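> model this:
(one chain, ligands or ions: 1)
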Amino acid sequence: MKSVDRTKPVLVTGGTGYLASWIVKQLLDQGFEVRTTVRNLAQKDKFAHLTELAVKSKGILQFFEADLLKKGSFAEAMTGCELVIHTASPFKISGIKNAQKELVEPALEGTRNVLDSMNATESVKRVVLTSSVAAIFGDAIDIRNTEKGIFTEEHWNTTSSSEHQPYPYSKVLAEKLA
Ligand SMILES: NC(=O)c1ccc[n+]([C@@H]2O[C@H](COP(=O)([O-])OP(=O)(O)OC[C@H]3O[C@@H](n4cnc5c(N)ncnc54)[C@H](OP(=O)(O)O)[C@@H]3O)[C@@H](O)[C@H]2O)c1
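Take a look at the predicted model:
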């Protein structure tokens with residue numbers, strides 16, 4: 001992270017998540033001041049592992065409450081940050097009852113919400129979004145529709161939908177919006 005101002009805090013959204021927890025750990029180990037968002041600050045057991053990591057690291061960790069569906073709820077956490085790493089997004093591939101509500105809306109509206117706040121926050125200069133390979137393809141058979149039998153960033157997942165593979169669908173919509 002050579003080009004990042006190390007005196008500024010870094011925001012990682014969705015701290016309770018798998019990916020975010022590793023990112024937070026790496027930033028803390030490098031001595032960064034890290035901010036992370038959780039959906040409910042009262043549910044301390046969901047982020048106890050991060051509190052523990054912070055104690056053992058060179059960095060500083062602060063928690064903020066934010067929900068993908070609450071407009072503006074990430075603004076406070078990112079104020080003063082130069083870099084925002086947005087990982088929060090529902091990652092569910094089974095047990096889905098309402099794909100639109102459980103996956104599509106939070107992924108899409110969450111991306112809009114977080115990016116809108118970044119655009120309105122003067123200190124923010126860089127954003128990293130965790131997209132997915134699912135944004136470029138849904139079914140493996142989709143490779144037959146590529147020219148050279150290779151998926152690249154030029155491709156979009158065109159076969160997923162709310163009914164068929166809603167998680168990949170949520171990722172392609174969020175990526176397109178971003
Ligand atoms: N793991 C992979 O292999 C992989 C591969 C490609 C891309 N990704 C992407 O990487 C990101 C993180 O994935 P992950 O594997 O770390 O998933 P994860 O462990 O399920 O973490 C998802 C995070 O999103 C948060 N979240 C979900 N809905 C939310 C809402 N309405 N408001 C606020 N936060 C919400 C969750 O908070 P709660 O704990 O409160 O639910 C959790 O912190 C996602 O964008 C995912 O699509 C993951």
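
> give me phi/psi at Ser57?
Dihedral angles of Ser57 (phi, psi; degrees, to the nearest 10) stand at phi -110, psi 180.

> I'd like to know how many residues surround it.
19 (other CB atoms under 10 Å). Glycine gets a C-beta too; all of them are placed from N, C-alpha and C.

> Check Asp142 too.
Around Asp142 there are 16 other residues, counting by other CB under 10 Å.

> and what of Ala75?
The tally of other residues near Ala75 (other CB under 10 Å) stands at 17.

> And for the one 10 residues further on?
Applying other CB under 10 Å, we find 23 residues neighbouring Ile85.

> How about the closest residue to the ligand within the chain: what's its closest non-neighbour residue?
Going by CB to the nearest ligand atom, the ligand is nearest to Gly17 of the chain, at 2.5 Å. Spatially, and ignoring its direct neighbours in sequence, Gly17 is nearest to Thr87 (5.8 Å; CB to CB, 6 or more residues apart in numbering).

> So for the one you found, what's the pLDDT?
Thr87 is assigned 98 on the pLDDT scale.

> Can you show me the helices along this structure?
18-29, 48-56, 75-78, 99, 105-119, 166-177 (DSSP state H).

> Can you point out the buried residues in the second one?
It stands for helix 48-56. 50, 53-54 (16 or more other CB atoms under 10 Å).

> Can you name every helix or strand that it contacts?
In this structure, helix 48-56 packs against helix 18-29, strand 60-65, with contacts taken as 3 or more CB pairs under 8 Å, 6 or more residues apart in numbering; DSSP states H and E.

> hmm, it touching the ligand?
No: when contact is scored as CB under 6 Å from any ligand atom, no part of helix 48-56 falls within range of the ligand; the minimum is 10.7 Å.

> Would you mind listing the outside residues contacting that helix?
15, 21, 24-25, 28, 34, 36, 44, 60-61, 63 (CB atoms under 8 Å, 6 or more residues apart in numbering).

> what do you get if the cut-off is 10 Å, keeping everything else the same?
With contacts defined as CB atoms under 10 Å, 6 or more residues apart in numbering, helix 48-56 is touched by 12, 15-16, 20-22, 24-25, 28-29, 34, 36, 38, 44, 47, 59-63.

> Phi, psi for the nearest residue to Glu82 once chain neighbours are set aside please.
The spatial neighbour of Glu82 that comes closest, neighbours along the chain excluded (CB to CB, 6+ apart), is Lys8 at 4.4 Å. Phi and psi for Lys8, reported as degrees, to the nearest 10, are phi -100, psi 150.
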